[in-house]
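J.: need a structure here:
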Amino acid sequence: MKKIIILMVCLWGFGNSFTSAQTTEKEKFISDLMKQMTLDEKIGQLAQCTYRGNFTGPDGGNIPKEEYVRQGRIGSMLNVIGVKDIRRYQELALQSRLRIPLIFGLDVIHGYRTGFPLPLAEAASFDLAMIEEAARYNALESAADGLNWVFAPMVDISWDARWGRVMEGAGEDPYYGSRVAEARVRGLQGDDLADTTTVMACMKHFAGYGAPIAGKEYNSVDMSMGHFANFYMPPYKAAIKAGAATVMSAFNDFNNIPCTANDFLLNRLLREQWGFKGFVVSDYNSVEELVNHRYAADKKDAAAKALNAGLDMEMVSTCYLTYLKELVQEGKVKESVLDDAVRRILEKKYELGLFEDPFRYCNPERAAKILNAPEVRNASLRMAERSVVLLENRESVLPLTAQTRKIALIGGLSKSQYDMAGAWAATTDRSKVVTLYDALVRKGLEVNYAEGYDMKSNQLTGLQEALQAAEASDVIVVAVGERFGQSGEKASKVNIAIP
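T.: Numbers count the residues shown, from 1 in each chain. Purely as a prediction, here's the structure:
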């Protein structure tokens with residue numbers, strides 16, 4: 001027994017030494033690299049630009065992207081879709097003086113090419129293993145097509161159904177929301193960021209984004225710290241504990257201080273108390289929007305306040321690119337603060353294996369094999385089966401009996417592939433979506449379809465046609481609900497009744 005214990009202690013010691021050696025190697029590599037970097041090159045690592053023509057908001061700054069990438073003045077890009085374009089920009093980055101590779105990010109909320117149920121629907125399954133598996137397949141497809149970073153999971157707790165982004169979270173319970181956050185981080189990142197079947201997760205939106213006043217998107221958040229700690233904070237902390245590599249600051253202000261420049265949230269809570277070692281990225285243009293919040297006098301002031309508060313990477317707006325050099329030279333931002341932010345970003349590039357092989361995610365053969373593969377589609381089907389919620393089943397109407405041959409199917413949603421993909425499905429291959437109409441026809445049933453109501457105007461239309469279809473059928477199925485754009489970002493509502 002003593003021999004076994006001695007052996008275990010030796011192995012434990014060897015493992016710690018190996019890990020320490022890896023850390024030392026990473027630190028040495030990054031320290032050596034940073035010694036060679038100019039101030040402009042350091043600032044460039046903090047800049048993320050969007051690919052023209054594929055963006056989720058206004059294209060900020062109108063900078064000459066390709067030239068900036070070639071000069072090493074961009075550290076990351078978002079909304080570049082597909083191996084071909086990602087490889088092209090990575091090749092441009094390697095023309096820079098120090099050949100520092102780019103990170104490529106995208107909003108992958110519930111599926112990349114293969115659509116999965118909305119995150120809220122997945123949460124309704126209460127199947128944490130399946131939720132983790134769904135995230136795993138989201139990562140697999142994303143990484144296969146060249147990405148190495150996704151802006152997920154959204155872990156915001158929300159009790160207000162008027163807020164449009166409830167569809168993107170896990171509901172209103174802090175305990176369950178924490179477990180879902182952990183599952184999704186594990187699914188996306190796996191055990192090793194250098195594994196090309198995984199991606200970096202980005203826990204968002206830090207903090208309190210799900211509690212805007214009156215449920216209005218982007219509105220202020222005003223609450224006591226006790227309320228925040230008990231109800232909104234747990235999923236954020238759980239995602240960090242699960243190893244989330246990055247964090248996104250929220251658009252909103254939190255008790256009158258915008259999250260993007262909130263020292264309490266980003267430095268004291270996130271880093272000092274929770275020990276977060278990754279980097280923080282702003283939400284889209286939110287550094288520049290510090291001016292709109294009346295928290296910064298101008299864009300230069302916004303850059304100083306954001307970086308000093310612990311905001312590492314600026315998404316799309318160009319306050320850092322334009323003003324940080326001047327701010328450092330004036331002593332309004334310490335170069336040591338800038339260096340800390342740069343180091344955190346370079347560490348993730350190192351952990352992704354990009355310095356070893358900048359093109360490790362750019363494999364067209366792998367993309368062709370994995371995107372929309374049967375294995376991924378079957379995982380989506382399993383998740384969908386678990387996420388269905390049956391509210392009532394009066395008189396045991398379901399399941400339909402074998403004697404049911406004729407079905408009246410009423411409602412345009414039952415035939416709309418586009419709407420059935422849901423909100424935040426930008427890269428989903430909607431041609432693969434199986435509608436309710438298609439599914440019933442494939443079952444060999446006689447389907448008497450009628451539109452019944454106009455989805456755009458929310459008015460009844462063709463009522464007589466719908467009644468005739470109903471009279472000619474054994475069972476009537478009415479498909480009602482929201483169109484794809486009636487939930488999600490910028491889609492809050494006063495009236496939350498079913499359309």
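J.: Flag the shaky bits of the stretch 351-499 of the chain, pLDDT-wise.
T.: Residues of the stretch 351-499 of the chain meeting the criterion pLDDT under 70: none.
J.: got it, and the chain?
T.: For the chain (pLDDT under 70), the answer is 1-22, 52-61.
J.: Swap in 90 and give it another go.
T.: The model of the chain has pLDDT under 90 over residues 1-23, 52-63, 402, 426, 455-459, 461-462, 497-499.
J.: residue ranges for the helices of the stretch 201-350 of the chain, please.
T.: Here the stretch 201-350 of the chain has its helices, by DSSP state H, counting those that start in this stretch, at 225-227, 233-241, 263, 299-308, 319-329, 335-351.
J.: Quick one, which of those helices gets closest to Asp438.
T.: Proximity to Asp438, assessed across the helices of the stretch 201-350 of the chain by Cβ to Cβ, is greatest for helix 233-241 (36.5 Å). (Each C-beta comes from the backbone N, C-alpha and C, glycine too.)
J.: among the helices of the stretch 201-350 of the chain, which is nearest Phe104?
T.: helix 335-351 (11.2 Å).
J.: next structured bit after that closest one?
T.: helix 364-370 (DSSP states H and E).
J.: Tell me who's in contact with Val433.
T.: By Cβ atoms under 8 Å, 6 or more residues apart in numbering, the contact set of Val433 is Gly115, Gln417, Tyr418, Met420, Ala421.
J.: can I assume the second one is in contact with Ala425?
T.: Which is Gln417. No: taking contacts as Cβ atoms under 8 Å, Gln417 lies outside contact range of Ala425: 10.6 Å.
J.: Compare the two (neighbour count), which wins?
T.: Ala425 (24 against 17; other Cβ atoms under 10 Å).
J.: still on that earlier bit, let's see which of the contacts of Val433 end up in helices.
T.: Secondary structure assignment by DSSP state H places Gln417, Tyr418, Met420 of the contacts of Val433 in helices.
J.: Tell me the one of those nearest Asp283?
T.: The closest of the ones in helices among the contacts of Val433, once distances to Asp283 are taken by Cβ to Cβ, is Tyr418, at 26.2 Å.
J.: Grab the nearest non-local neighbour of the closest one.
T.: Arg430 (5.5 Å; Cβ to Cβ, 6 or more residues apart in numbering).
J.: Is the one you found in contact with Asp419, as I believe?
T.: No: applying Cβ under 8 Å, one finds Arg430 not in contact with Asp419, separated by 9.3 Å.
J.: Name the residue in these two with the higher neighbour count.
T.: Neighbours were counted for Arg430 and for Asp419 using other Cβ under 10 Å; Asp419 has more, 23 against 14.
J.: Now that the more buried one has come up, it's in contact with Val480, right?
T.: No: look at Asp419 against Val480 with Cβ under 8 Å: they stay out of range, at 11.8 Å.
J.: Now do the shared contacts for those two.
T.: By Cβ under 8 Å, 6+ apart, the residues touching both Asp419 and Val480 are Leu413.
J.: Next, count neighbours for Glu336.
T.: Wrong residue type there; residue 336 is Ser, not Glu. Neighbours around Ser336, by other Cβ under 10 Å: 7.
J.: Surely Asn458 and Pro499 touch.
T.: Yes: if you go by Cβ under 8 Å, Asn458 and Pro499 touch, sitting 5.1 Å apart.
J.: more neighbours, the two?
T.: Pro499 (12 against 9).
J.: Next, work out how far apart that one and Leu78 are.
T.: 32 Å (Cβ to Cβ, to the nearest Å).
J.: With Asp191 instead?
T.: Between Asp191 and Leu78 the distance is 25 Å, computed by Cβ to Cβ.
J.: So for those two, which sits in the more crowded spot?
T.: Set side by side, Asp191 and Leu78 show more neighbours around Leu78, with 24 against 8, by other Cβ under 10 Å.
J.: any idea how far the more buried one lies from Phe276?
T.: 21 Å.
J.: same thing with Gly146?
T.: 27 Å.
J.: need the contact list for Ala194.
T.: So Ala194 contacts Glu351, Leu352, Gly353 (Cβ under 8 Å, 6+ apart).
J.: what about the last one, how many neighbours?
T.: Translated: Gly353. Neighbour number of Gly353 under other Cβ under 10 Å is 18.
J.: Leaving out the residues flanking it, which one is nearest to Val69?
T.: Spatial nearest neighbour of Val69, excluding adjacent residues (Cβ to Cβ, 6+ apart): Leu92 at 4.5 Å.
J.: Pull out the buried positions in the one helix or strand the one you found maps to.
T.: Assessed by DSSP H and E, Leu92 sits inside helix 83-93. For helix 83-93, the buried set under the neighbour-count rule, 16 or more other Cβ atoms under 10 Å, comprises Val83, Asp85, Ile86, Arg87, Tyr89, Gln90, Leu92, Ala93.
J.: can you list these in a markdown table and add distance to Ala309?
T.: A markdown table is the format used below for the buried residues of helix 83-93 (distance: Cβ to Cβ, whole Å):
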| residue | distance to Ala309 |
| --- | --- |
| Val83 | 36 |
| Asp85 | 33 |
| Ile86 | 31 |
| Arg87 | 35 |
| Tyr89 | 30 |
| Gln90 | 31 |
| Leu92 | 31 |
| Ala93 | 28 |
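J.: So the residue nearest to Tyr418 versus Glu66, what's the distance?
T.: From Arg430 to Glu66 the distance is 30 Å (Cβ to Cβ).
J.: Make sure Ala245 is actually in contact with Thr198.
T.: No: with contact defined as Cβ under 8 Å, Ala245 and Thr198 do not form a contacting pair (10.1 Å).
J.: can you list residues touching both of the two?
T.: In contact with both Ala245 and Thr198: Gln189, using Cβ under 8 Å, 6+ apart.
J.: thinking again about what came up before, which of the helices of the stretch 201-350 of the chain sits closest to Gln36?
T.: Smallest distance to Gln36 across the helices of the stretch 201-350 of the chain (Cβ to Cβ): 11.9 Å, for helix 335-351.
J.: Please, where are all the strands along the stretch 351-499 of the chain?
T.: Counting by DSSP state E, counting those that start in this stretch, the stretch 351-499 of the chain has strands at residues 406-410, 446-450, 453-454, 459-460, 475-478.
J.: For Asp419, give me its contacts.
T.: Leu413, Met455, Arg483, Phe484.
J.: Could you do Ser492 as well?
T.: Ser492 touches Arg162, Trp163, Gly164, Pro212, Gly215, Lys216, Glu217, counting by Cβ under 8 Å, 6+ apart.
J.: rerun that using 7 Å as the cut-off
T.: Applying Cβ atoms under 7 Å, 6 or more residues apart in numbering, one finds that Ser492 lies in contact with Arg162, Trp163, Gly164, Gly215, Lys216, Glu217.
J.: Among these, name the buried ones.
T.: By 16+ other Cβ under 10 Å, these give Arg162, Trp163, Gly164, Gly215, Glu217 as buried.
J.: Good, we can wrap up now.
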